[in-house]
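Chemist: show me the folded form of this:
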Amino acid sequence: MWPARAGKGLALSGAYEVIILDLLLPGKDGLEVLRSLRDRGIKSKVLILTARDAVEDKVKGLDAGADDYLTKPFALAELLARVRTLLRREGEKGSMLKVADLEMDTFSRQVRRAGREISLTNKEYALLEYFLRNVNRVLSRTRIAEQVWDYDFGGTSNIVDVYVRYLRRKIDEGFPPSCFTPSGV
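Modeler: Numbers count the residues shown, from 1 in each chain. Reported below is the predicted structural model:
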């Protein structure tokens, strides 16, 4: 089990289709974490898993942005069924992100360019997904670091530049210069 801060950082990476969130986190209320995720634009499905079974608690959780609410104790089969249902909902809405000949299927987590599969690390995937969800927006290094790494960017780290370079290399490998590689870079 991860500490609450580490779990929040992982959730903020945007790399997960479904997040299972307990409301009773050490040092932080799960509803605050949920609101923070939604405020930062994280679209992952969230299943609240908690011992709080009052109707008011369920309403608060759903109104805060949860997609489902399951109370303890529960059967593992029910938890798995609810996760499958949330994943199906994501697939029904359309899980494809596309720019030119670059496609990302957020349901299967596959990335292809001109039909050729591109293998990415989890962080590269999260970075590319963030870019594809923010096409035609100017994104500062600070904003990217906050959204993809949950990192307070002080302007001294080059982590964003390094990962953008990794990503460009993988996306453009074997292809002529394109819209993904600015001239002079």
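
Chemist: show me what the helix ranked longest in the chain is packed up against.
Modeler: Across the chain, the helix with the greatest residue count (assigned by DSSP state H) is helix 76-93. Counting contacts by 3 or more CB pairs under 8 Å, 6 or more residues apart in numbering; DSSP states H and E, helix 76-93 packs against strand 18-22, strand 45-50, strand 68-71. For every residue, glycine as well, the C-beta is placed using N, CA and C.

Chemist: so what strands line up beside the helix or strand just after the first one?
Modeler: The element immediately downstream of strand 18-22 (helix or strand, assigned by DSSP states H and E) is strand 24-25. Using DSSP bridges, the strands paired with strand 24-25 are strand 28-29 (antiparallel).

Chemist: what's the first helix or strand after the partner strand?
Modeler: Trace forward from strand 28-29 with DSSP H and E and the next one is helix 30-39.

Chemist: buried ones in that next one?
Modeler: Using 16 or more other CB atoms under 10 Å as the test for burial, helix 30-39 gives 30, 31, 33, 34, 37.

Chemist: and what of stretch 170-177?
Modeler: For stretch 170-177, by 16+ other CB under 10 Å, it's 170, 171.

Chemist: and it, how far out from the chain's middle?
Modeler: Relative to the centre of its chain, stretch 170-177 is centred 25 Å away, using CA atoms, centre = their mean, to the nearest Å.

Chemist: checking residue 146 next. Helix, strand or coil?
Modeler: Of the three states, residue 146 takes helix under DSSP: H, G, I helix; E, B strand; the rest coil.

Chemist: neighbours around the nearest residue to residue 166 once chain neighbours are set aside, how many?
Modeler: Nearest in space to residue 166, with sequence neighbours left out and distances taken as CB to CB, 6 or more residues apart in numbering, is residue 124 at 5.9 Å. Residue 124 has 21 neighbouring residues, counting by other CB atoms under 10 Å.
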